[in-house]
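Asker: here's my sequence, what's the structure:
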Amino acid sequence: MALLKKKTVRSVDIPTASQADLAFLLLLFFLVSTIIDVDTGIGLTLPEYIEDPETVEVPKDRMAAVLINENGDVLVDGNPTSIFQVKNNLKPRIVSKIELPSNKKLIVSVKTDRKTNYNAYIQALDQIKQAYFEVRDEYSSSNYGNKFNDLSVEDQEIVKDKVPIIISLAEPEAVKK
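Answerer: Below you'll find the model as predicted:
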C-alpha cells in the first residue's frame, strides 16, 4: 500500500518586521522635501521710542490724508476716489515737494475705521508706496539716466533724501454702536 503524503499548505505571509522603518523613512523624506511657505507680513520701519516727544504743528499743504472706511471707500483729502487712483492723486503732490528741504516734504497720513477690510488697507498702502517709488524712478531717470534700483548706493541715498517715503499710520477711530 502506498503511503499518501499529506500536502502541506503553504502559508502566504508578508513579513512586517521592517514596515515601521519604511514608514519612518517615507515620513522623513516628505518632511525634508516639502516646502513650507511662511508669510512674513508687512515690512514697516517703526520710529524709535521718545519719552517726551515735542509736538510740531504740520501745515495742511504738507499733509495728504487717505481715509478708508469699513466698506473700502477711499477719500484722499476729502475727495472720494477709487483705491487704484490713490497713486495718481499723490504723485503730483510728491513731485511738487522734491526741491523743498527735508522738513517740508509731503506726509501721507493713512487712517482707517476699526472695521476696515484688511485687504483694502493693504491695497491703499501699496498704492501710496507705488506713488513714491514711481516718483523716485522718474527723478532718478531725469537726473542720473537710470532707474532708482540701477543707481549706485551713494546716488540712491541722494534720491532717498530728495524723495523720502513719509507715511503716517493714524490710529483707527472707535466704532460707535
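Asker: CA atoms for contacts and neighbours, from now on please.
Answerer: Noted.
Asker: shaky segments in the chain?
Answerer: For the chain, the stretches with pLDDT under 70 are 1-4, 173-177.
Asker: residue ranges of the helices in it, please?
Answerer: 19-33, 86-96, 118-144, 153-162 (DSSP state H).
Asker: pull out the buried residues from the shortest one.
Answerer: Put plainly, it is helix 153-162. Using 16 or more other CA atoms under 10 Å as the test for burial, helix 153-162 gives 156, 159, 162.
Asker: and for the second one?
Answerer: Buried positions in helix 86-96, judged by neighbour count with 16+ other CA under 10 Å: 86-87, 89-91, 93-95.
Asker: make JSON lines from those residues and add distance to residue 30 to it.
Answerer: What follows is the buried residues of helix 86-96, written out as JSON lines (distance: CA to CA, whole Å):
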{"residue": "86", "distance to residue 30": "45"}
{"residue": "87", "distance to residue 30": "45"}
{"residue": "89", "distance to residue 30": "50"}
{"residue": "90", "distance to residue 30": "49"}
{"residue": "91", "distance to residue 30": "49"}
{"residue": "93", "distance to residue 30": "53"}
{"residue": "94", "distance to residue 30": "51"}
{"residue": "95", "distance to residue 30": "53"}
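Asker: and the spatially most central residue of the chain, what are its phi and psi?
Answerer: Nearest residue to the geometric centre of the chain (CA atoms, centre = their mean): residue 42, 3.9 Å. Main-chain dihedrals, residue 42, degrees, to the nearest 10: phi -90, psi 130.
Asker: need the helices of the chain in TSV (columns: distance to residue 61).
Answerer: Below are the helices of the chain laid out as TSV (distance: least, CA to CA, whole Å):
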stretch	distance to residue 61
helix 19-33	55
helix 86-96	9
helix 118-144	17
helix 153-162	18
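Asker: what's the closest of those helices to residue 59?
Answerer: The closest of the helices of the chain to residue 59 is helix 86-96. By CA to CA, the value is 14.1 Å.
Asker: and the closest one, what other elements does it pack with?
Answerer: Counting by 3 or more CA pairs under 8 Å, 6 or more residues apart in numbering; DSSP states H and E, the packing neighbours recorded for helix 86-96 are helix 118-144.
Asker: got the buried residues for the helix it packs on?
Answerer: Here helix 118-144 shows 120-121, 124-125, 127-133, 135-140 as buried, counting by 16+ other CA under 10 Å.
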